[in-house]
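Chemist: Sequence first, then the predicted structure:
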Amino acid sequence: MDKSEYIRQVLSRLPTLLEREKRAVEEELAAHFEDRMEPLLALHVSEAEAERRCAEAMGDPVEIGDALAKQYQSFFWVVLKDILTGFLVFFLIGAVIRFSLTTDFFGSVAARVNPTAGDREATALAVAVDWRMTVGNDTVRLYEAQVRQGVFTGYLCVYDRMPGGVTVDLKKYLWAENQRGTRKGVSSPAVGWNYGAQYYKIHLPVDPEDDHVTLCCRLYGEETRMTIPLEEVRG
Amino acid sequence: MLKKKQNIEHTQLLVLSLLAGEDMYGYQMIVELARRSDRTFEMKEGTLYPILHGLEKEGYVEAYQQTAPTGRVRKYYHITRKGSGLLSEEKEAWQRYCGAVNAVLEASLA
């Protein structure tokens, strides 16, 4: 095998290299041939024989070419990788900004996991319960309640079905009814709301013989009702 | 027909060791490696270039053009600070390895 054929076979394994990179490889291999052949030519070995011996000493050109190819990344993939990285960074920054400006992700999660953490004035007498109803895209959750001295007190939170989703204030649309049809709306506590979840409390008079109250919500022309048994929350 | 020779182990270590002493070009490294190892290490010469290009891509060596003593312009390689750090690590690892092998051999010969 002569020098030209050897270098051609090496370069044939490097189709994705830029032209200037291929020229650099070609020049370096040609220089190696030149240096290796010099002492042989000085010993009056023919040029063809010197090239053949040099090619043998260099090793399999296909293997050399494949090994070189592993060291180079195609320019196309380098540019594509840079573009995709840029898009990903832009998207992540946008997502973080969107989250921080419009949602309280942790508030939304807390309402699901531990609503008392996101809440309001403390009450040691309330009983932990878990009654939920779906209103549009939101979940209304009664998480604590008690009946004392003829008054039902309930603690509610509202959160979007999607964690991190924004929820609106349902104060005007929520109420509770007793068995005589008396209605009472909800009030917002002094602390405990954020875009991720809304917190309310409700006070409703009940008679000793009452066995339930009804939590109601009217939104977008639809009324949703949930019956709350009083047996487990009577003090 | 071109015959395959057994690959040299720790070829990167050998190349970086050569360059730690002075900047060299490809053929010069082949000759120097054979000379220093008393011809124990004689690799297929073409395999040097993927190693050199890989070291260059990783930043362990850098290349430049210079006129060689032969009067011809050649691509010289220079070890970088990062390459010197890698060389130190590889040397330590090799010495640990040799120490362990020697310990086993000495125990078996005792």
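Modeler: Arrived safely.
Chemist: what's near enough to touch residue 51?
Modeler: In the absence of a named chain, this looks at chain A. A:E51 makes contacts with A:1-3, A:6, A:33, A:37, as judged by C-beta atoms under 8 Å, 6 or more residues apart in numbering or on different chains. All C-beta spots, glycine's among them, are computed from the backbone N, C-alpha and C.
Chemist: oops, chain B please
Modeler: Contacts of B:I51 by C-beta under 8 Å, 6+ apart are B:11-12, B:15.
Chemist: Of these, which belong to helices?
Modeler: B:11-12, B:15 (DSSP state H).
Chemist: where in chain B is pLDDT low?
Modeler: For chain B, applying pLDDT under 70 flags the ranges B:1-9, B:110.
Chemist: in it, which spans are strands?
Modeler: B:24-25, B:61-67, B:73-79 (DSSP state E).
Chemist: Neighbouring strands of the last one in the sheet, and parallel or not?
Modeler: It stands for strand B:73-79. strand B:24-25 (antiparallel), strand B:61-67 (antiparallel) (DSSP bridges).
Chemist: quick one: buried residues of that strand?
Modeler: Going by neighbour count (16 or more other C-beta atoms under 10 Å in any protein chain shown), the buried part of strand B:73-79 is B:74-77, B:79.
Chemist: Out of the contacts of B:I51, which end up buried?
Modeler: B:11-12, B:15.
Chemist: out of these, who's nearest chain A?
Modeler: B:T11 (11.3 Å; C-beta to the nearest C-beta).
Chemist: quick one, what contacts the residue most central in space within chain B?
Modeler: Chain B has B:V15 as the residue nearest its centroid, 1.8 Å off, counting by C-alpha atoms, centre = their mean. By C-beta under 8 Å, 6+ apart, B:V15 lies in contact with B:29, B:48, B:51-52, B:55.
Chemist: Filter those residues down to the ones in helices?
Modeler: Per DSSP H, the subset of the contacts of B:V15 in helices is B:29, B:48, B:51-52, B:55.
Chemist: Distance check, A:K201 against A:A69.
Modeler: 70 Å (C-beta to C-beta, to the nearest Å).
Chemist: So those two - more neighbours on which side?
Modeler: A:K201 (20 against 17; other C-beta atoms under 10 Å in any protein chain shown).
Chemist: what does chain B have sitting close to chain A?
Modeler: B:2-5, B:25-28, B:44-47, B:49-50, B:53-54, B:57, B:70, B:72, B:74-75 (C-beta under 8 Å from any C-beta of the partner chain).
Chemist: List buried residues within those.
Modeler: B:2, B:25-28, B:44-47, B:49-50, B:53-54, B:74-75.
Chemist: A:L17: which of those is nearest?
Modeler: Nearest to A:L17 out of these is B:H53 (C-beta to C-beta; 10.7 Å).
Chemist: which residue packs closest to that closest one, ignoring adjacent ones?
Modeler: Nearest residue to B:H53 in three dimensions, chain neighbours excluded: A:Q71, at 4.5 Å (C-beta to C-beta, 6 or more residues apart in numbering or on different chains).
Chemist: Identify the residue of chain A closest to chain B, quick one.
Modeler: A:G59 (3.1 Å).
Chemist: List phi and psi for the spatially closest residue to that residue that is not a sequence neighbour.
Modeler: Closest residue in space to A:G59, ignoring its immediate chain neighbours: B:K44 at 3.1 Å, by C-beta to C-beta, 6+ apart. Here the main-chain torsion angles of B:K44 (degrees, to the nearest 10) amount to phi -60, psi 120.
Chemist: Cool, thanks, talk later.
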